[in-house]
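**Q** Take this sequence and fold it.
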Amino acid sequence: SYQRFASCYHGLYRLRPEVTRSIYEQFVSQLQASVKEEIQEVKKEGNLEELFNSLDKIVEEAKNQEEPAWRPSGIPEEDIRSAVVPYLLKHRSYLRKVLKEKEEENRKAAESVLAGRDQIAKLQQLIQARRQAWQ
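**A** Now for the predicted structure:
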């Protein structure tokens, strides 16, 4: 502030307050220009303009997401668990569905085998009966 500046140069301020004000205004304008120039250089060197644009794009895309964003807790086991558990639960449901289908296929195959064995047993009895009748 101008008051702080004036208190630092109290002797000059007492003698010529208008000069002190002019020096302060020049100092502030040069300082602002210098800071703006430094910011522009940092933006150019760090490719910040492009990075800020991509960050804005990410923020806009995140607004449309229904799921909360992933945030690391600092504990890798918990972080991986929160990311992997939903996938594993979905995979378990899929595997259970496949298991039921395979069990049903196996049941039908077992019924077919039993029916085939019954048919073979009947045919063997028929063959045995005809053999005895022929002899």
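
**Q** can you tell me which helix in the chain is longest?
**A** As assigned by DSSP state H, the longest helix anywhere in the chain is helix 76-134.

**Q** Can you list the helices and strands that it packs against?
**A** Applying 3 or more Cβ pairs under 8 Å, 6 or more residues apart in numbering; DSSP states H and E, one finds that helix 76-134 makes contact with no other helix or strand. Where you see a C-beta, it was placed from the backbone N, CA and C, and this is true even at glycine.

**Q** now it: how far from the chain's centre is it?
**A** Taking Cα atoms, centre = their mean, to the nearest Å, one finds the center of helix 76-134 at 39 Å from the center of the full chain.

**Q** Distance of Phe5 relative to Gln128?
**A** 122 Å (Cβ to Cβ, to the nearest Å).

**Q** The two: which has the busier surroundings?
**A** Neighbours were tallied for Phe5 and for Gln128 using other Cβ atoms under 10 Å; the higher tally belongs to Phe5 (16 against 10).

**Q** isn't that one right up against Thr20?
**A** Yes. A contact is recorded between Phe5 and Thr20 when judged using Cβ atoms under 8 Å, the distance being 7.5 Å.

**Q** what about Val84, neighbour count?
**A** There are 11 residues near Val84, going by other Cβ under 10 Å.

**Q** ok, it to Pro76 distance?
**A** Val84 sits 12 Å away from Pro76, taking Cβ to Cβ as the criterion.

**Q** Likewise for Arg21?
**A** Distance of Arg21 to Pro76, given as Cβ to Cβ: 60 Å.

**Q** which of these two has more neighbours?
**A** Between Arg21 and Pro76, counting by other Cβ under 10 Å, Arg21 is the more crowded of the two (14 against 9).
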